[in-house]
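Visitor: only the shape, not the letters, is given here:
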Ligand code: S3P
């Protein structure tokens, strides 16, 4: 089984993914890291030099490569991955179990306010605008996020509790 974690930036996909992989003794991959390996450039630089559309194409290509693999693994997606090209359809394949890690806007704001530098889409946000920005994004993305096989809420929960669920 391929376990795929999805959800908004800051919901904990990478931390939970690494924890689960350790527990289940299967490999863990982070899609952003894999895109960086393929392109030999950081996600921030990729956005800056080539633009978001180029990033989304690479994201789609690398996702396809992963879902074609025969092995079992845990894969954490980027926050926008299910929402572009045919990615949400690819995630419906029989051997994929997808989990939406659902965080409230307040949790996301608290986590992301000090982590904007790592995330190109948040560079222009400040404390006043971030909440509206996330709410708008969630409104656009919820349709895709809710196609996950399972939804796990993460607010006020420890990593272990979320991984157990
Ligand atoms: C993005 C989320 C990021 C990364 C890119 C775009 C998004 O991944 O893929 O900056 O569109 O939400 P994380 O969710 O791992 O931060």
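Guide: All right, it came through fine. Computed from a prediction, not measured in an experiment: that's the story for all the values here.
Visitor: and residue 75, that's in a helix?
Guide: No. Counting by DSSP: H, G, I helix; E, B strand; the rest coil, residue 75 falls outside a helix, being strand.
Visitor: what residues does this protein put near the ligand?
Guide: Counting by C-beta under 6 Å from any ligand atom, the positions of the chain adjacent to the ligand are 9, 13, 32, 43, 78, 79, 80, 119, 120, 121. In short, each C-beta sits where N, CA and C put it, glycine included.
Visitor: how about 5 Å then?
Guide: By C-beta under 5 Å from any ligand atom, the residues of the chain that approach the ligand are 9, 32, 78, 79, 80, 119.
Visitor: so what's the third one up against?
Guide: By that I understand residue 78. 9, 31, 32, 35, 43, 59 (C-beta atoms under 8 Å, 6 or more residues apart in numbering).
Visitor: for the chain, which segments count as helices?
Guide: Here the chain has its helices, by DSSP state H, at 13-24, 31-39, 43-50, 52-67, 87-90, 105-112, 130-145, 159-164.
Visitor: nearest to residue 152, out of those?
Guide: Nearest to residue 152 among the helices of the chain is helix 159-164 (5.9 Å), distances taken as C-beta to C-beta.
Visitor: any buried residues in the closest one, and which?
Guide: By neighbour count on 16 or more other C-beta atoms under 10 Å, the buried set for helix 159-164 is 162, 163.
Visitor: which helices and strands does it pack with?
Guide: Counting contacts by 3 or more C-beta pairs under 8 Å, 6 or more residues apart in numbering; DSSP states H and E, helix 159-164 is packed against helix 13-24.
Visitor: and the helix it packs on, what other elements does it pack with?
Guide: For helix 13-24, the packing partners by 3+ C-beta pairs under 8 Å, 6+ apart are strand 2-6, strand 28-30, strand 73-76, helix 159-164.
Visitor: can you list these in a markdown table and add distance to residue 145 and mean pLDDT?
Guide: Listed next are the helices and strands packed on helix 13-24 as a markdown table, based on distance: least, C-beta to C-beta, whole Å; pLDDT from 0 to 100:
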| stretch | distance to residue 145 | mean pLDDT |
| --- | --- | --- |
| strand 2-6 | 6 | 97 |
| strand 28-30 | 18 | 98 |
| strand 73-76 | 14 | 98 |
| helix 159-164 | 16 | 97 |
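Visitor: residue 6 reaches residue 87, doesn't it?
Guide: No. With contact defined as C-beta atoms under 8 Å, residue 6 does not reach residue 87; the gap is 9.6 Å.
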